[in-house]
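1. here are the coordinates; sequence isn't available:
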């Protein structure tokens, strides 16, 4: 996707408060509760303050997604606390299949997907649909035959223990790695 396409789509995205206000999903209160309880670790705030330039985050999601419920509110809290360094927009996965299809994990349209853009709307990298350690564990459990009824409560427990910190860490790693590459490469 070219830079102009992200610029156009970014403008179509909703802020996190707009997303919450516009949702009619039965689980929207859970989104609100996870957001209300989210805390930004000091290491994350320090990493954001140390960023060389602002970044934009495009999130492909849907309000019914359990992984998004646990990943996006802590990220939104980080963005809220650093509006001069980070901005976030949510796009519906189902409304933007052409973008979603660029970020498939295998053949699935798994969400959430967070696309990290620099200040010029150029892609630095992307994250999703789960923190690496959790995704690896899920794939192992599925391969071992664990059914969804058993799997999903364990996923929720993992997220509750983690409190969004791994998601934030992995997304900030994209920013830091991309900026180092640009410095090393002389760009």
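-> That came in fine, so what should we check first? Since the model is a prediction, treat every value here as computed from it, not as a measurement.

2. Need the phi and psi values for the residue nearest the centre of the chain.
-> Centre of the chain computed as the mean C-alpha position; nearest residue by CA atoms, centre = their mean is residue 114, 3.8 Å away. Main-chain torsions, residue 114, degrees, to the nearest 10: phi -110, psi 120.

3. any idea which helix or strand carries residue 78?
-> helix 66-81 (DSSP states H and E).

4. The closest residue to residue 30 other than its chain neighbours: neighbouring residues, count only.
-> Closest residue to residue 30 apart from its sequence neighbours, by CB to CB, 6 or more residues apart in numbering: residue 69 at 5.6 Å. In short, each C-beta sits where N, CA and C put it, glycine included. Number of residues near residue 69 (other CB atoms under 10 Å) recorded here: 22.

5. and if you look at residue 154?
-> 14.

6. Least confident secondary structure element in this structure?
-> helix 3-12 (a mean of 74; mean pLDDT, DSSP states H and E).

7. What is the subsequent helix or strand relative to it?
-> helix 16-22.

8. Just name whatever secondary elements that next one is in contact with.
-> helix 28-37, helix 66-81, strand 86-92 (3 or more CB pairs under 8 Å, 6 or more residues apart in numbering; DSSP states H and E).

9. Only the buried residues of it, if you could.
-> Of all the residues in helix 16-22, those buried under the rule 16 or more other CB atoms under 10 Å are 16, 19, 20.

10. Stretch 45-53 too?
-> Quick answer for stretch 45-53 (16+ other CB under 10 Å): 47, 48, 51.

11. give the contact list for residue 22.
-> By CB atoms under 8 Å, 6 or more residues apart in numbering, the residues touching residue 22 are residue 14.

12. any idea how far residue 93 is from it?
-> Per CB to CB, to the nearest Å, residue 22 is found 15 Å from residue 93.

13. likewise residue 35?
-> 20 Å.

14. which regions of this protein lie under the pLDDT threshold?
-> Low-confidence segments of the chain (pLDDT under 70): 1-5, 178-187.

15. Try it again at 80.
-> 1-8, 105-107, 178-187 (pLDDT under 80).

16. re earlier: and the buried residues of stretch 45-53, which is closest to residue 170?
-> Looking at the buried residues of stretch 45-53 and their distance to residue 170, the nearest is residue 47, at 11.8 Å (CB to CB).

17. what's the next secondary structure element after the strand or helix carrying the closest one?
-> Applying DSSP H and E as the criterion places residue 47 in helix 42-49. Counting by DSSP H and E, the next helix or strand C-terminal to helix 42-49 is strand 55-61.
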